[in-house]
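Enquirer: Need the 3D shape of this:
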Amino acid sequence: MTHALETDLASGALAETIADIAEEAARLILPYWRVGTAVETKSDASPVTEADRAAEALILMRLAERWPEVDAVAEEAVAADGAPVSVGDWFWLIDPLDGTKGFVQGRESFTVNIALIQGDAAVAGVVTAPASSVTWASAIPGKGAVRRAFGEAWRPIKVRNRPAEGIALLSHSMTDEEATRLAARHGCSQWQGTDSSLKFCLIAEGRFDAYPRTGPTNEWDTAAGQAVLEAAGGRVLGSDGQRLAYRKPGFLNGPFTAMGG
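Expert: Down below sits the predicted model:
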């Protein structure tokens, strides 16, 4: 069952395919941006739009066409039907529109996330930023983490060594005082707020140094970004100091810190 999947992963065909799927979803999302798209509130009080649902339906269809035997855990399906009781050793984690709140407010830092999990580890991931037409990916053999503008070639990226004046990326939901204190706790004298899994990718590119997260997230929020950051030489550690793992109860994360070199 997994032979074709493992072959595609080893050859780089998997990463190329899911990057193409994420970019197709991005093109589907963009017509909904900054046009007053209707917003609904889910049971967890988070927002959802038709863009989220349409992108998820497309991603699930494309993945099933190529790898029909692989389970998928996707944000809007979980919101509608609950989390699956069990999944196979290999499964997808999908966030079709990460940063919906910022998307609704017209900000640019929303993303499409597709990650492949084996056991408890993110072994491949793609993050696409529709507003800037950029995709980041891992699992392309011989290249580590890579980045491309839509329609262009991949180029390698890597984390930077921590400078004397490190810069943290933090959630927009924090107050300035909280953010300053949290950044300093992680060795950063400066910080910047942004949305979504874009934070992992900006650290992977060597532009920032740390992303500490104290509040809860779902596994589909972090898996693709973690795969990219780790391929670029970074780390994502849970509060126990161990690599952030997947397949946890309810697919929920505790506190973690993503960091560069």
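
Enquirer: Ramachandran angles for the residue in the chain sticking out farthest from the centre?
Expert: Using CA atoms, centre = their mean, the residue of the chain lying farthest from its centre is Ala164. It sits 27.8 Å away. Torsion angles at Ala164 (phi, psi; degrees, to the nearest 10) stand at phi -60, psi -40.

Enquirer: Likewise for Tyr211?
Expert: phi -140, psi 90.

Enquirer: any idea how far it lies from Ala137?
Expert: As judged by CB to CB, to the nearest Å, Tyr211 and Ala137 stand 19 Å apart. All C-beta atoms are positioned from the backbone trio N, CA, C, and that covers glycine.

Enquirer: again with Leu229
Expert: 12 Å.

Enquirer: More neighbours: the two, which one.
Expert: Leu229 (33 against 30; other CB atoms under 10 Å).

Enquirer: pretty sure that one is in a helix, no?
Expert: Yes: according to DSSP: H, G, I helix; E, B strand; the rest coil, the state of Leu229 is that of a helix.

Enquirer: Would you check that it makes contact with Leu202?
Expert: No: under the criterion of CB atoms under 8 Å, Leu229 makes no contact with Leu202, lying 9.6 Å away.

Enquirer: thinking again about what came up before, next, show the common contact partners of Leu229 and Ala137.
Expert: Listed as contacting both Leu229 and Ala137 by CB atoms under 8 Å, 6 or more residues apart in numbering are Ala145.

Enquirer: So which bits of stretch 83-98 are buried?
Expert: Val87, Trp90, Phe91, Trp92, Leu93, Ile94, Asp95, Pro96, Leu97, Asp98 (16 or more other CB atoms under 10 Å).

Enquirer: likewise stretch 232-245?
Expert: Those would be Ala232, Gly233, Gly234, Arg235, Val236, Leu244, Ala245, for stretch 232-245 by 16+ other CB under 10 Å.

Enquirer: What residues does the first one make contact with?
Expert: By CB under 8 Å, 6+ apart, the contact list for Ala232 reads Gly144, Ala145, Ile157, Lys158, Val159, Ile203, Ala204, Glu205, Gly206, Gly260.

Enquirer: Select only the buried ones of those residues in ChimeraX?
Expert: Typed into ChimeraX, the line below selects the buried ones among these, using 16+ other CB under 10 Å:
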select :144,145,157,159,203,204,205,206,260
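
Enquirer: Narrow the contacts of Ala232 to those in strands?
Expert: Those of the contacts of Ala232 mapping onto strands are Ala145, Ile157, per DSSP state E.

Enquirer: Have a look at the contacts of Ala232 and tell me the least confident one.
Expert: Note: of these, the lowest pLDDT belongs to Gly144, at 92.

Enquirer: mind listing what it touches?
Expert: Per CB under 8 Å, 6+ apart, neighbours of Gly144: Ser138, Pro156, Ile157, Lys158, Ala231, Ala232, Gly233.

Enquirer: before we move on, which element is the residue lying closest to Gly225 once chain neighbours are set aside in?
Expert: Distance criterion CB to CB, 6 or more residues apart in numbering; nearest residue to Gly225, sequence neighbours excluded, is Phe200 at 2.9 Å. Under the criterion of DSSP states H and E, Phe200 resides in helix 198-204.

Enquirer: re the thing from before, format the contacts of Gly144 as a markdown table; extra columns: distance to Asp120.
Expert: Formatted as a markdown table, the contacts of Gly144 follow (distance: CB to CB, whole Å):
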| residue | distance to Asp120 |
| --- | --- |
| Ser138 | 17 |
| Pro156 | 27 |
| Ile157 | 25 |
| Lys158 | 25 |
| Ala231 | 17 |
| Ala232 | 21 |
| Gly233 | 21 |
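
Enquirer: Kindly export the strand or helix carrying Met61 (C-alpha atoms) in CSV.
Expert: Secondary structure from DSSP H and E places Met61 in helix 50-66. What follows is helix 50-66, C-alpha atoms only, in CSV (Å, rounded to 0.1, in the frame of the first residue of the first chain):
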residue,chain,number,x,y,z
GLU,A,50,-16.3,29.5,1.7
ALA,A,51,-12.6,29.9,0.7
ASP,A,52,-11.5,27.5,3.5
ARG,A,53,-14.1,24.9,2.5
ALA,A,54,-13.5,25.2,-1.3
ALA,A,55,-9.7,24.9,-0.9
GLU,A,56,-10.0,21.9,1.4
ALA,A,57,-12.4,20.1,-1.0
LEU,A,58,-9.9,20.6,-3.8
ILE,A,59,-6.9,19.5,-1.8
LEU,A,60,-8.7,16.3,-0.5
MET,A,61,-9.8,15.5,-4.1
ARG,A,62,-6.4,15.9,-5.6
LEU,A,63,-4.6,13.9,-2.8
ALA,A,64,-7.2,11.1,-3.1
GLU,A,65,-6.7,11.0,-6.9
ARG,A,66,-2.9,10.3,-6.5
